[in-house]
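> requesting a structural model of the entry that follows:
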Amino acid sequence: MAGRLRRLGSVAFRQQKWKSSVSIQAKMPPCDFVPEKYESCPYERVQKIREQNIAPSLRTYYKKPLLLHQGHMQWLFDHEGRRYLDLFAGIVTVSVGHCHPKVTMATQKQLARLWHTTNIYMYPAIHEYAERLTSLFPDPLKVVYLTNSGSEANDLAMFMARVHTRNFDIISLRGGYHGGSPYTLGLTSLTPYKHGVANGFGCTSTMLPDVFRGPWGGSHCRDSPVQTIRKCSCTEGSCLAKDQYIEQFKDTLNTSVPKTVAGFIAEPIQGVNGAVQYPRNFLKEAYQLIQERGGLCISDEVQTGFGRTGSHFWGFQTHGVVPDIVTLAKGIGNGFPMAAVITTKEIASSLAQNLHFNTFGGNPLACVVGAAVLDAIEEDGLQKNSEDVGTYMLLELAKLRDKFEIVGDVRGKGLMIGVEMVTDKTFRIKPPMCITKRDVDFAVEVFHTALQRHMERAAAK
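I've put the predicted structure just below:
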């Protein structure tokens, strides 16, 4: 079963009447926010500019691409004032809600005070934010490097691992996405991102421990309210699938890389690949194998961090491990371009042997935004909301899997959700963490109607 991705979750759920025998009319939850009137370029002009002046690799979705105008929490509005429930959060980036008032107010205040000065000088924002962000990590992860994007953060993490260990090879999981820069493309193991040119030397991919699509897996393997329907012959307290995938991991270590390696990078739950989860304890054993070979373990929290998985603030905590390096981006700034690398003093000191500098990383504006996002997560109870609403949504989507044969798998944790179809599509559902159960009811009802329409069309052929 292929893993081609379709971003249905992004702003696809607009209230409408379906031309079908299905009588369901999903009722969109109310919203008292009134968007401003759109007064920018006409739609046709925007389309022409995109065709002529915007990079063609930036694809649009839907037959008539959306022209978005304004956002408010979990809602988006297009140029004609139509409202959409956002289930993709700008590629899992809008963590606390579009234009969240706390973040907006803090940003506006800092804009009037100081936008930028190089971080070789001292200013309050970077020190206050560094102390607060690192306080959310267990020892010894207490040093932060502030950057501008997830790709840049993973670039730096790779570099750190190589400088510190004096080894070169880094292992990643197939299906993983760690960035689109020439360096991180070596770690990214998804065909659509491969351009057929040399990149990422010293990167080796190993088998993805996917308990739904992979050769091994069963109904008790993953840390999710919803398990795969594959039968499992495991005894209590053991996971045969985990053992089999660890053997494949060992085989990679024994055949494809030197006896010593620089590191291993993995997402706690794979994001771009459709919320793929590994068997319990797989990461813990993989980390041990890497550390035995002198390597560092890197947790890519670009999508799973900041409470999105619900039960924990960081995805690696759900696996019972403490990595050597953690990379952050996306939800860290609620859409503001910022990212970070968290590591130990020992590893950081290796990089301090020579100059390392980032012009925009940790500028005053970014640090104030980051702090305001942490405020919103705490004050609005968004980690708990991710757990409660995410679990509710997973269980509701599982009912659709039980009803429609074309739905092969429902998986995830918190508001990190994937729905795998039995042919070639994966729906990635990762909304702003302020979404409500009422919103979920609407979304699931629309999804149900879409599946029913699909079945009717298939039957009519």
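> residue boundaries of the helices in the stretch 101-250 of the chain?
Secondary structure of the stretch 101-250 of the chain, counting by DSSP state H, counting those that start in this stretch: helices at 101-111, 124-134, 150-165, 240-255.
> for those, which one sits closest to M207?
helix 240-255 (4.2 Å; Cβ to Cβ). Using the backbone N, CA and C atoms, a C-beta is placed for each residue, glycine as well.
> mean confidence for the closest one?
Averaging pLDDT along helix 240-255 gives 97.
> likewise for stretch 319-327?
Stretch 319-327 comes out at a mean pLDDT of 98.
> ranking the helices of the stretch 101-250 of the chain by burial, who's on top?
helix 150-165 (a mean of 24; mean count of other Cβ atoms under 10 Å).
> show residues contacting that one.
145, 147, 167-168, 170, 178-181, 183-184, 187, 202, 260-263, 265, 294-296, 298, 300, 302, 324-325, 327-330, 339-341, 343, 346-348, 350-351, 353 (Cβ atoms under 8 Å, 6 or more residues apart in numbering).
> wait, what's in contact with the residue sitting nearest the centre point of the chain?
Nearest to the geometric centre of the chain sits Q303, at 2.4 Å (Cα atoms, centre = their mean). Q303 makes contact with 92, 267, 269, 271, 330-331, 416, 430, according to Cβ under 8 Å, 6+ apart.
> now rank those residues by neighbours and give me the top one.
For the contacts of Q303, the largest number of neighbours (other Cβ atoms under 10 Å) sits with K430, at 31 neighbours.
> apart from its neighbours in sequence, what residue is nearest it?
V92 (4.3 Å; Cβ to Cβ, 6 or more residues apart in numbering).
> does that neighbour touch Q270 like I think?
No: the criterion here is Cβ atoms under 8 Å, and V92 misses it with Q270 at 11.8 Å.
> any chance of the helices of the stretch 101-250 of the chain in CSV, with distance to S57 too?
Converted to CSV, the helices of the stretch 101-250 of the chain look like this (distance: least, Cβ to Cβ, whole Å):
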stretch, distance to S57
helix 101-111, 30
helix 124-134, 33
helix 150-165, 15
helix 240-255, 31
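> so which of these comes closest to G218?
It's helix 240-255; of those, that one is closest to G218 (Cβ to Cβ) at 6.2 Å.
> quick one: strands adjacent to the helix or strand just after the closest one?
For helix 240-255, the succeeding helix or strand toward the C-terminus, using DSSP states H and E, is strand 263-266. Note on strand 263-266: by DSSP bridges, its sheet partners are strand 170-173 (parallel), strand 296-300 (parallel).
> contacts for strand 263-266?
Strand 263-266 is contacted from outside by 154, 157-158, 161-162, 165, 170-173, 176, 178, 187, 283, 286-287, 290, 295-300, 324-325, using Cβ under 8 Å, 6+ apart.
> before we move on, what about stretch 104-116?
123, 125, 336, 360, 363-365, 368-369, 371-372, 375.
> gap between it and the chain center?
Between the centre of stretch 104-116 and the centre of its host chain there is 27 Å, according to Cα atoms, centre = their mean, to the nearest Å.
> surely Y177 is in contact with N273?
Yes: Y177 is in contact with N273 according to Cβ under 8 Å; the separation is 6.7 Å.
> tell me the residues that contact both of these two, please.
With Cβ under 8 Å, 6+ apart as the test, Y177 and N273 both reach L190.
> so, low pLDDT: which residues of the stretch 1-150 of the chain?
1-24 (pLDDT under 70).
> switch the cut-off to 90
Where the stretch 1-150 of the chain drops to pLDDT under 90, the residues are 1-27, 56-63, 118-120.
> how many neighbours does Y392 have?
Number of residues near Y392 (other Cβ under 10 Å) recorded here: 16.
> surely it is within a helix?
Yes: the assignment for Y392 by DSSP: H, G, I helix; E, B strand; the rest coil puts it in a helix.
> gap between it and I298?
According to Cβ to Cβ, to the nearest Å, Y392 and I298 sit 32 Å apart.
> for L68, same thing?
34 Å.
> name the single longest helix found in this protein.
In the chain, assigned by DSSP state H, the helix with the most residues is helix 437-460.
> what residues of that helix count as buried?
For helix 437-460, the neighbour count (16 or more other Cβ atoms under 10 Å) marks 439-453 as buried.
> wait, isn't V302 in contact with K330?
Yes: between V302 and K330 there is a contact under Cβ under 8 Å: 5.3 Å.
> where do the strands of the stretch 51-200 of the chain begin and end?
For the stretch 51-200 of the chain, the strands defined by DSSP state E, counting those that start in this stretch cover 68-72, 75-78, 83-85, 143-147, 170-173.
> save these as a markdown table, and put in mean neighbour count and distance to A460 too.
Below are the strands of the stretch 51-200 of the chain laid out as a markdown table (neighbours: other Cβ atoms under 10 Å; distance: least, Cβ to Cβ, whole Å):
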| stretch | mean neighbour count | distance to A460 |
| --- | --- | --- |
| strand 68-72 | 19 | 34 |
| strand 75-78 | 22 | 32 |
| strand 83-85 | 21 | 29 |
| strand 143-147 | 23 | 52 |
| strand 170-173 | 27 | 41 |
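> any chance of those in a markdown table, with distance to A112 too?
Formatted as a markdown table, the strands of the stretch 51-200 of the chain follow (distance: least, Cβ to Cβ, whole Å):
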| stretch | distance to A112 |
| --- | --- |
| strand 68-72 | 23 |
| strand 75-78 | 27 |
| strand 83-85 | 31 |
| strand 143-147 | 22 |
| strand 170-173 | 43 |
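> which one, of these, ends up nearest to E379?
Comparing the strands of the stretch 51-200 of the chain under Cβ to Cβ, the one sitting nearest is strand 68-72, at 17.8 Å.
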